[in-house]
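Enquirer: below is the structure, and that's it, no one-letter string:
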């Protein structure tokens, strides 16, 4: 199945999608090079990860390494890699379905889940709410989002993993409490009706809410919610709903590309580094839930225990959920209307 056409992206998202950030890129640098195509909110995360990996590589190999980063909405990034517009050595994406989609196009090996620890998921995440100081709308649970007059800031599910997670978690919040799929579908439709616009990616949504003061509540990746609260000086707060959805961030080297680049050994080492204690600590500090249970427990005050649904509550697996909800004529197609932001 061909991927759906890309909706028009705002300037912010276009710049984000094609911005290349090199952590070690100086004139005359002749060390090995690796391109990591990731999703939108992981900019600060991989800045820290790459610095730690470069230091480790320097110590182990006695040389320098260049890591080139690309960030934009996860669904958009996956399509960029699939089309060849992004020549990724590795992908570090927010949802397994994005990596599985690349596998089914023949770009990633059949065993991609088995060749790294924890089914190639170095951490998990979820979506939570961000509200104004003092929570003036009294938002604590999913039904509160549909109160009269509440404006929701959430990204577009056609371009953003955050947007897809918001839709799936909202749907699951209904079915997990005994509602049928018809009722859940109506709930998600109403949720999108409360959004004045749908930004292309998670960071753009965060800027709209926390910086530009648009909307009453934001549905955000937990890591973004924590970052926004930390940086706001108390202007916004994180609210944990009673139920949300677990997202297993997934990573893989892109077999078709590393074979051409001669970079498979470096790509393997880089991704294996993500499962070591140093990287797992960085994930936790940056608001992601590390696969290492001991390290997660050490950060339990910040990454508090939550009731997180598995994707199997909604579909047999992540790829089937992608097809059911976001594929051609899927659930979202029947209720979704693009809402680009006006000038």
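Expert: Cool, got the structure. The shown structure was predicted, so the numbers you read here are calculated from the model rather than taken from an experiment.
Enquirer: all contacts plus neighbour counts: C-alpha atoms, from now on.
Expert: OK.
Enquirer: roughly how far does residue 89 sit from residue 166?
Expert: 29 Å (C-alpha to C-alpha, to the nearest Å).
Enquirer: give me the nearest residue to the most centrally placed residue in the chain, chain neighbours excluded.
Expert: Central residue of the chain (C-alpha atoms, centre = their mean): residue 94, 3.6 Å from the mean position. Take residue 94 and drop its neighbours on the chain: the residue closest to it by C-alpha to C-alpha, 6 or more residues apart in numbering is residue 249, 4.2 Å away.
Enquirer: for the residue nearest to the centre of the chain, give me its contacts.
Expert: Applying C-alpha atoms under 8 Å, 6 or more residues apart in numbering to residue 94 gives the contacts 39, 74, 161, 247-250.
Enquirer: can you lay out these as JSON lines showing distance to residue 326?
Expert: Shown next, in JSON lines, are the contacts of residue 94 (distance: C-alpha to C-alpha, whole Å):
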{"residue": "39", "distance to residue 326": "18"}
{"residue": "74", "distance to residue 326": "13"}
{"residue": "161", "distance to residue 326": "11"}
{"residue": "247", "distance to residue 326": "16"}
{"residue": "248", "distance to residue 326": "18"}
{"residue": "249", "distance to residue 326": "18"}
{"residue": "250", "distance to residue 326": "19"}
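Enquirer: surely residue 192 touches residue 336?
Expert: Yes. The criterion here is C-alpha atoms under 8 Å, and residue 192 meets it with residue 336 at 7.4 Å.
Enquirer: higher neighbour count, the two?
Expert: residue 192 (25 against 15; other C-alpha atoms under 10 Å).
Enquirer: so which residues make contact with stretch 170-189?
Expert: Contacts of stretch 170-189 (C-alpha under 8 Å, 6+ apart): 142, 167, 243-245, 309, 313-314, 331, 335-336.
Enquirer: show me where the stretch 51-200 of the chain has its helices.
Expert: 74-83, 96-104, 117-120, 161-175, 181-193 (DSSP state H, counting those that start in this stretch).
Enquirer: most packed of those?
Expert: helix 161-175 (a mean of 26; mean count of other C-alpha atoms under 10 Å).
Enquirer: let me see the mean pLDDT of that one.
Expert: Regarding helix 161-175, the rounded mean pLDDT is 97.
Enquirer: please state the offset of that helix from the chain centre?
Expert: 13 Å (C-alpha atoms, centre = their mean, to the nearest Å).
Enquirer: what's the answer for stretch 304-316, then?
Expert: The answer for stretch 304-316 is 16 Å, by C-alpha atoms, centre = their mean.
Enquirer: same check on stretch 41-50?
Expert: A distance of 13 Å separates the centroid of the chain from that of stretch 41-50, by C-alpha atoms, centre = their mean.
Enquirer: let's number from 11 now, not from 1
Expert: Done: numbering now begins at 11, and the last item shifts to stretch 51-60.
Enquirer: now do that stretch: everything it contacts.
Expert: 33, 77, 79, 81, 212-213, 233-234, 284, 289, 292-293, 296.
Enquirer: please repeat the previous calculation with a cut-off of 6 Å.
Expert: If you take C-alpha atoms under 6 Å, 6 or more residues apart in numbering as the criterion, stretch 51-60 is touched by residue 213.
Enquirer: and the helices in the stretch 211-353 of the chain?
Expert: Using DSSP H, counting those that start in this stretch, helices in the stretch 211-353 of the chain cover 212-216, 232-241, 265-271, 274-283, 287-295, 303-308, 328-331, 341-345.
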